[in-house]
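*Asks:* Okay, here's the prediction I keep looking at, along with the sequence it came from:
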Amino acid sequence: MKHTRVPTPRTVLTGAGLMAALTAATLTPQTADAVSAKAPDPPTASAAGQRAKGISSTLGADGAGAYYDAPRHRLVVNVTTEAAAAKARAAGADARVVKHSLASLDAARATLKKQATIPGTSWGMDPRTNKVVITADRTVRGDKLARLKRVAASLGDRATVRRSARTLRTLIAGGDAIWGTLARCSLGFNVTKGGKPYFLTAGHCTNAVRTWSATQGGAEIAVTETGTFPGDDFGLAKYTDADIAHPGEVDLYNGSMQSIVRAGDPIVGQKVQRSGGSTQVRDGDVTALEVTANYQEGSVDGLIQTTICAEAGDSGGALFDGETALGLTSGGRGDCSAGGVTYYQPVREALEKTGAKLG
């Protein structure tokens, strides 16, 4: 593939130009309708996410999450009291009075973590429904399914269980991209650490591969420095080939690149894109944050959930919105022929824990 060729004398390896074989995994109404109030100019999704953080910090225990209403270009903040609703409206958001506080939903997720960590399941708080949505794939059956339903029932109307015919997975596959002996992976973002060039990818990639090449069986271009999986899902590799360029860009697979200049935090409802070696550039919506995915290899917490599809070879690739880096492809359910759901390691956390910087 053109993005992994090694021309002479230099090769340019960009945000999703080196691809891995680990793919990507899904996470009604209850509450009053959102009430519009006169507010400043409609925010972008990125601006809405930052505004939501500020508003939530003032609401305390009365806050219950937020999401971006993309068609209306409005930030919607969930609250549990009318007094908190007035604060949210005064800060420029639409307020929605709901039954369950964020603390209550977090407690429900903690119960699931303690009592129902079952491979093939995932869960995350859906601010649109004010519930924790639990998804169980077809491998969850018999006593395990009965236990999951029993724990979910104990949470009352804070949780709901959905079944999926698609298996939750991380995948390793062959093909062109960045190669190791046991896997091929998608590069997420080029970064620096201590003034030296590195790249971020999925932790289940770096856990499987020590030495990286731009082609199968090719010369070494980078070595794994660290990898975290399960728990989190990010890894850091250091470039060792001086002839490899490492711009802060993501491959758009149309002859152009997307410059990446910052790391950001997504918000539910945000339109985003993913770039990966198998299925190239795909787009979709963020549907949940702080998601737990219970892979067969172990659980990963704090993930971003989207409606974007992915396949083997896409894991580790970049999730972004314009010039803003958001995440690294972790896992998913389904594929790009029938549709799917994918999960992403937040890139800001990966940068903070590895000490790396974009650019």
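*Replies:* Nice, thanks for sending it over.
*Asks:* Which secondary structure state does Thr111 sit in?
*Replies:* Put simply, Thr111 is helix when judged by DSSP: H, G, I helix; E, B strand; the rest coil.
*Asks:* Quick check, it in contact with Ser154.
*Replies:* Yes. Counting by Cβ atoms under 8 Å, Thr111 touches Ser154, with 7.2 Å between them. Backbone N, C-alpha and C define where each C-beta goes, glycine included.
*Asks:* more crowded one of these two?
*Replies:* More neighbours surround Thr111 than the other of Thr111 and Ser154, with 17 against 14 (other Cβ atoms under 10 Å).
*Asks:* List the contacts of the more buried one.
*Replies:* By Cβ atoms under 8 Å, 6 or more residues apart in numbering, the contact set of Thr111 is 151, 154-155.
*Asks:* quick one: pLDDT of it?
*Replies:* Thr111 carries a pLDDT value of 98.
*Asks:* now do Thr11
*Replies:* Looking at Thr11, its pLDDT reads 47.
*Asks:* so who does the closest residue to Ile304 other than its chain neighbours touch?
*Replies:* Distances taken as Cβ to Cβ, 6 or more residues apart in numbering put Tyr344 closest to Ile304, at 4.2 Å, once the chain neighbours are dropped. Residues in contact with Tyr344 (Cβ under 8 Å, 6+ apart) are 24, 274, 303-306, 319, 326-330.
*Asks:* Helices - which of these land there?
*Replies:* Applying DSSP state H to the contacts of Tyr344, no entry is found in helices.
*Asks:* Thr240 against Ala222, yeah?
*Replies:* Yes. Between Thr240 and Ala222 there is a contact at 5.8 Å, judged by Cβ under 8 Å.
*Asks:* Those two - which one has more neighbours?
*Replies:* Legend: neighbour count by other Cβ under 10 Å for Thr240 and Ala222, higher for Ala222 (27 against 14).
*Asks:* is it true that the more buried one lies in a strand?
*Replies:* Yes. Counting by three-state DSSP, Ala222 falls inside a strand.
*Asks:* ok, now which ones touch it?
*Replies:* Contacts of Ala222 (Cβ under 8 Å, 6+ apart): 178, 198-199, 211-212, 237-241, 244.
*Asks:* what's the neighbour count on Gly54?
*Replies:* Around Gly54 there are 11 other residues, counting by other Cβ under 10 Å.
*Asks:* I'd guessed it sits against Ala91; true?
*Replies:* Yes. Using Cβ under 8 Å, Gly54 is in contact with Ala91, at 7.3 Å.
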